[in-house]
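Peer 1: this one's sequence-less:
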């Protein structure tokens, strides 16, 4: 059992202690369909939602983005946090975006009341620093992320990315990688355990993607990942499983710790 790093609270949800939390991505293209998706989430199957704003048709309009976030907020039960994410095409998202537009969009998410934002660690440094500073000035935690849909980097490279993210001001650090062998899945899990036990000052979110990596989504409490993504309807990444089934397994593992 690894030693837990400091926790991060998002509304009623505490990340970094106890059972890994379940996050359901919302991937609809209109405010109305986002509201319906949020309202239809099964109670008890999730702890927070991720608003994947790169799927949203009105992503280029700040008022539309603000309205979309408000529609999700209105449809969720009290206390459920919203993670605001634009995943770029280079890291598995739906579209490209300029650095200036990316910074402005994440600032819009902060200003519109998101409970946390995701920022990709390989964002151009000046933009990255301003995004983090703006979020922190507003009291909004930052998830800093890195995604590799082609391969699993070596253990030490994964650890180095997680360390770099916390050095860059992340409140939660995140790495997702694609395995090509069972050993790759073990590499991701070993890297996470090493980071958490030796270097972490922030909670970590890590996963091995695809069907081969599903075990990493189920065993986070064992090796040190504090959150897992589960789907209700359309998945946002390869290997996501049904949120209710994920919650059941995570709860079972937690009860045995």
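Peer 2: Received, thanks. Fair warning: this is a prediction, and the values are worked out from it, not measured in the lab.

Peer 1: And for residue 67, nearest residue in space, chain neighbours not counted?
Peer 2: residue 31 (5.4 Å; Cβ to Cβ, 6 or more residues apart in numbering). For glycine as for every other residue, the C-beta is placed from the backbone atoms N, C-alpha and C.

Peer 1: Tell me how far that neighbour lies from residue 192.
Peer 2: 36 Å (Cβ to Cβ, to the nearest Å).

Peer 1: quick one, which of the two is more surrounded?
Peer 2: residue 192 (29 against 20; other Cβ atoms under 10 Å).

Peer 1: Thought residue 205 was touching the more buried one, still the case?
Peer 2: No - using Cβ atoms under 8 Å, residue 192 is not in contact with residue 205, being 9.1 Å away.

Peer 1: Helix or strand with the lowest mean pLDDT in the protein?
Peer 2: strand 241-242 (a mean of 90; mean pLDDT, DSSP states H and E).

Peer 1: Adjacent strands (with direction) for it?
Peer 2: For strand 241-242, the paired strands and their directions (DSSP bridges) are strand 227-231 (parallel).

Peer 1: How far does the strand it pairs with sit from its chain's centre?
Peer 2: Averaging C-alpha positions (Cα atoms, centre = their mean, to the nearest Å) puts strand 227-231 8 Å from its chain's average.

Peer 1: ditto for stretch 182-192
Peer 2: Worked out by Cα atoms, centre = their mean, stretch 182-192 lies 19 Å from the chain centre.

Peer 1: again with stretch 161-168
Peer 2: That offset, for stretch 161-168, works out to 15 Å (Cα atoms, centre = their mean).

Peer 1: same question, stretch 23-33
Peer 2: Taking mean C-alpha positions (Cα atoms, centre = their mean), stretch 23-33 and its chain are 15 Å apart.

Peer 1: end to end, how far does that stretch reach?
Peer 2: 18 Å (Cα to Cα, to the nearest Å).

Peer 1: in it, what's buried?
Peer 2: For stretch 23-33, the neighbour count (16 or more other Cβ atoms under 10 Å) marks 23-28, 31, 33 as buried.

Peer 1: for the stretch 101-250 of the chain, what spans make up the helices?
Peer 2: For the stretch 101-250 of the chain, the helices defined by DSSP state H, counting those that start in this stretch cover 125-137, 155-167, 182-198, 214-218, 220-223, 243-256.

Peer 1: Might you list the low-confidence residue ranges for this protein?
Peer 2: 1-5, 234-239 (pLDDT under 70).

Peer 1: any chance you could map the strands in it?
Peer 2: For the chain, strands defined by DSSP state E occupy the ranges 8-10, 13-15, 21-26, 48-52, 82-85, 116-120, 142-148, 172-177, 204-208, 227-231, 241-242.

Peer 1: Spit out the contact partners of residue 129.
Peer 2: Listed by Cβ atoms under 8 Å, 6 or more residues apart in numbering, the contact partners of residue 129 are 168-169.

Peer 1: Could you rerun that using 10 Å?
Peer 2: Applying Cβ atoms under 10 Å, 6 or more residues apart in numbering, we find residue 129 in contact with 123, 168-169.

Peer 1: If residue 13 is in a bridge, with which residues?
Peer 2: residue 10.

Peer 1: My guess is it contacts residue 79. True?
Peer 2: Yes - Residue 13 is within contact range of residue 79, at 7.7 Å (criterion: Cβ atoms under 10 Å).

Peer 1: Same drill for the two, tell me which one is more crowded.
Peer 2: More crowded of residue 13 and residue 79, by other Cβ under 10 Å: residue 13, with 18 against 11.
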